[in-house]
Each structure stands twice: as structure tokens, then as C-alpha cells.
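Peer 1: fold the following, please.
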Amino acid sequence: MERLVDLDPQLLHDAILLAIAVFVLFLLMSYLLFNPVRKMLEDRKNKIKGDIDSAIADKKDAAAIKAEYEEKLKDVDKEAEEILSEARKKALNNEARIVEQAREEAARIIQHANEEAELEKKRVLDEMKQEMISIASMMAGKVVAASIDTTIQDTLVEETLKEIGDRTWQS
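Peer 2: Residues are numbered from 1 along each chain as shown. Here you go, the predicted structure:
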């Protein structure tokens, strides 16, 4: 019976050549295919790691910016409150100033009215005195007509003025 697989020198030679050829093909394929694929995978791995690191850094930056904006928003609320407070103070100051000006204007108007009333009072008193003088002159004319001398006339005018008095004409 012959063997299916004969270990003769030809088989050993073919097996050794096949092993060497497979090894050479492995080295050749490793150099031509595996190393570029490994390099590409390594580059991709580094790129992904870089992207992840960049994303983590961006996330930290975004968190810092978010915190900064939230702080600014709090400051904006405070600043808005300060601006409103300042506006309220200015409005109160303006209100006080306007009220004070109105009071001063009212006081000036009242004083002016009082001065005008006083002037009118003096004018009326002067008119009354003129009227009294004219009445006294008429009386004096009648008295002169009745032959009274000037001393009697002056006495009569003075007595008439005293009788009428300032209070009677001022009320």
C-alpha cells in the first residue's frame, strides 16, 4: 500500500520552499499592506484622540464661558438695579427741585401780589387823601365865603382828617 502522503525529499523540499514563500509573502505583505494599514489606523486613532481632547477642551472652555456669562448676567441684573436706583434718585431729586422751584415761584407770586395790593392800598389812600383835600378845599371855600380865617380853616381840615382817620379808609 502506498501512502497518501510520502515523506520523500521532494515533499520536504516543496514544504520548505512553501514555508519560505509564505514567510517572504508575509514579510512582503506586511511591508506593503499591514504597515500602511497600521499607520493609517494609528493616524486615525491619534486623530480621534486629538478630536476627543479638543472636544474636552472646548467643553471646558464652553463651561468657563457659560460661567462667565452667567456671572455677567448676574452683574447685568445688579447693574440694571443700580441704573434704576440711580434713575429713581435723579427723579426724586428732580421732583424735589421742581417742587422747590414751584414753591419759590408761588412765594414770588404771593409777594408780588402783596406788593401790588400794598401799592394799590397806598394809591387808594392817596386818592382818598386827595378826595379829602378837595372836600376840605371846598369846605374851606365855603368857610372863606363865610369869612373864616386860614387858621380856622387849617384846624377844620386837621380835625376832619383826624375824625375820618386811616382805619376808616383802609378797611
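Peer 1: pLDDT (mean, whole number) over the one helix or strand residue 137 maps to?
Peer 2: Per DSSP states H and E, residue 137 falls inside helix 35-145. Here helix 35-145 scores 90 as its mean pLDDT.
Peer 1: helices or strands up against the helix or strand following it?
Peer 2: Later in the chain than helix 35-145, the nearest helix or strand by DSSP H and E is helix 150-170. If contacts are counted by 3 or more Cβ pairs under 8 Å, 6 or more residues apart in numbering; DSSP states H and E, helix 150-170 sits against helix 35-145. From N, CA and C alone the C-beta is placed, and that goes for glycine too.
Peer 1: orientation of the helix it packs on relative to helix 150-170 in degrees?
Peer 2: 150 degrees (axes from the mean of the first three to the mean of the last three Cα atoms, to 10 degrees).
Peer 1: pull the distance from helix 35-145 to the chain's centre.
Peer 2: Computed by Cα atoms, centre = their mean, to the nearest Å, the chain-centroid distance of helix 35-145 equals 10 Å.
Peer 1: likewise for stretch 154-161?
Peer 2: With Cα atoms, centre = their mean, you get 77 Å for stretch 154-161.
Peer 1: buried set for that stretch?
Peer 2: residue 157 (16 or more other Cβ atoms under 10 Å).
Peer 1: convert it to PDB, retaining C-alpha atoms only.
Peer 2: Taking Å, rounded to 0.1, in the frame of the first residue of the first chain, the C-alpha atoms of stretch 154-161 are listed here in PDB:
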ATOM      1  CA  ASP A 154     -56.400 174.500  58.900                       C
ATOM      2  CA  THR A 155     -57.900 173.500  62.100                       C
ATOM      3  CA  LEU A 156     -61.000 172.300  60.400                       C
ATOM      4  CA  VAL A 157     -59.100 170.200  57.800                       C
ATOM      5  CA  GLU A 158     -57.000 168.600  60.600                       C
ATOM      6  CA  GLU A 159     -60.000 167.800  62.700                       C
ATOM      7  CA  THR A 160     -61.800 166.300  59.700                       C
ATOM      8  CA  LEU A 161     -58.700 164.100  58.800                       C
END
